[in-house]
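> Structure for this input, please:
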Amino acid sequence: MDPRLGPEMRSTGEVMGIDEDFGLAYAKAQLAAGQMLPLSGGVLFSVKDPDKPLMAPIVRGFKELGFRVYGTRGTTLCLARHGVEVEEVYKVREGRPNIIDRIKNREIDLGRYTPADSYSIRRAALEYNIPYTTTFAAAKATLHAIKTLKEGRLEVKSLQEYHEMVREAFRVKAAN
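This is a model prediction of the structure:
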């Protein structure tokens, strides 16, 4: 079965992560969903044309965190025009080693694919337990989550502790 969610599947199986920091909250939600976000390794970007220029800061962020960054031909060319160099990787029908080969060889630990990308890529990511995103917002959230995880700030609090934090924040705001 294709792991891409259809409209009827988007509202089931949801998880939640709570934290003061959005990146940590997102990381907790990913952990709750069974996705271990990698803290190093390779990340692949295959991005639809309208999103390509938007991805440059995110790709830079992954490079700054020490990730090896791959891109499909069009994504690589667009990122280069925005001053970001990444290693080109073939799509499935373009030659070898291609995206699937790189996934099987454990060269890719995280992916950002367009929803229109090949079923075989999504399937390989699923089979090899490689987290991937299909939206710009999720790629940005994933970068933020990994950055905060690398800072080692992940902690667990009870709902009561979070409730008290929120209540205290409202008290301070009301006093000002």
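
> what ranges do the strands span in this structure?
With DSSP state E, the ranges of strands along the chain come out as 42-46, 68-71, 87-88, 110-113, 132-133.

> give the contact list for I58.
By Cβ atoms under 8 Å, 6 or more residues apart in numbering, the contact list for I58 reads 112, 136, 139-140, 143. Every C-beta, even on glycine, is put in place using the N, C-alpha and C of the backbone.

> Give me the nearest residue to A138, chain neighbours excluded.
Using Cβ to Cβ, 6 or more residues apart in numbering and skipping the chain neighbours, the partner closest in space to A138 is R112 (7.9 Å).

> mind showing which ranges of the protein have poor pLDDT?
1-13, 114-117 (pLDDT under 70).

> What count of nearby residues applies to R106?
Look at R106: counted by other Cβ atoms under 10 Å, it has 11 neighbours.

> picking that back up, tabulate the contacts of I58 (TSV), appending distance to L44 and neighbour count.
Converted to TSV, the contacts of I58 look like this (distance: Cβ to Cβ, whole Å; neighbours: other Cβ atoms under 10 Å):
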residue	distance to L44	neighbour count
R112	7	27
F136	15	16
A139	11	26
K140	16	19
L143	14	26
